[in-house]
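S.K.: No letters, just coordinates:
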């Protein structure tokens with residue numbers, strides 16, 4: 001071999017190594033740039049969402065202040081519910097003493113069956129405690 005071949009080979013290997021290191025560094029920098037741009041995009045998106053939430057929160061706070069200034073809203077009173085008056089109660093107890101069933105009493109007096117059953121249960125409790 002000639003005397004110039006070994007230094008040339010060594011120089012070529014070093015140049016090839018430098019080129020490979022440069023390629024690796026460029027690829028790594030490119031990957032880091034992609035990650036950074038994705039992170040920046042996600043950050044911009046999150047900031048936009050936070051601004052949106054902030055504006056919604058401010059509008060809700062203003063709406064709550066308006067509602068506080070109006071005062072409480074009272075629903076209109078509806079017609080009173082018909083109660084279980086004394087005459088129907090007396091009739092129901094008479095019919096029960098005669099032996100009529102709760103179904104017959106409810107249909108005859110045109111009141112719900114549950115009210116008749118409740119009246120009879122309360123009446124039996126009162127009679128037992130006397």
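M.R.: Arrived safely, thanks for sending. Remember, it's a predicted structure, so these values are computed and weren't measured experimentally. Numbers count the residues shown, from 1 in each chain.
S.K.: which stretches of the protein form helices?
M.R.: 5-70, 86-98, 102-109, 113-129 (DSSP state H).
S.K.: Could you dump these into JSON lines and include distance to residue 77?
M.R.: Every residue, glycine included, has its C-beta placed from N, CA and C. Converted to JSON lines, these look like this (distance: least, C-beta to C-beta, whole Å):
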{"stretch": "helix 5-70", "distance to residue 77": "19"}
{"stretch": "helix 86-98", "distance to residue 77": "25"}
{"stretch": "helix 102-109", "distance to residue 77": "27"}
{"stretch": "helix 113-129", "distance to residue 77": "23"}
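S.K.: Deepest-packed of the ones you listed, please.
M.R.: Among the helices of the chain, helix 102-109 has the highest mean neighbour count (mean count of other C-beta atoms under 10 Å), at a mean of 16.
S.K.: Kindly present the helices of the chain as JSON lines, with separate columns for mean pLDDT.
M.R.: Output for the helices of the chain, formatted as JSON lines (pLDDT from 0 to 100):
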{"stretch": "helix 5-70", "mean pLDDT": "92"}
{"stretch": "helix 86-98", "mean pLDDT": "88"}
{"stretch": "helix 102-109", "mean pLDDT": "91"}
{"stretch": "helix 113-129", "mean pLDDT": "90"}
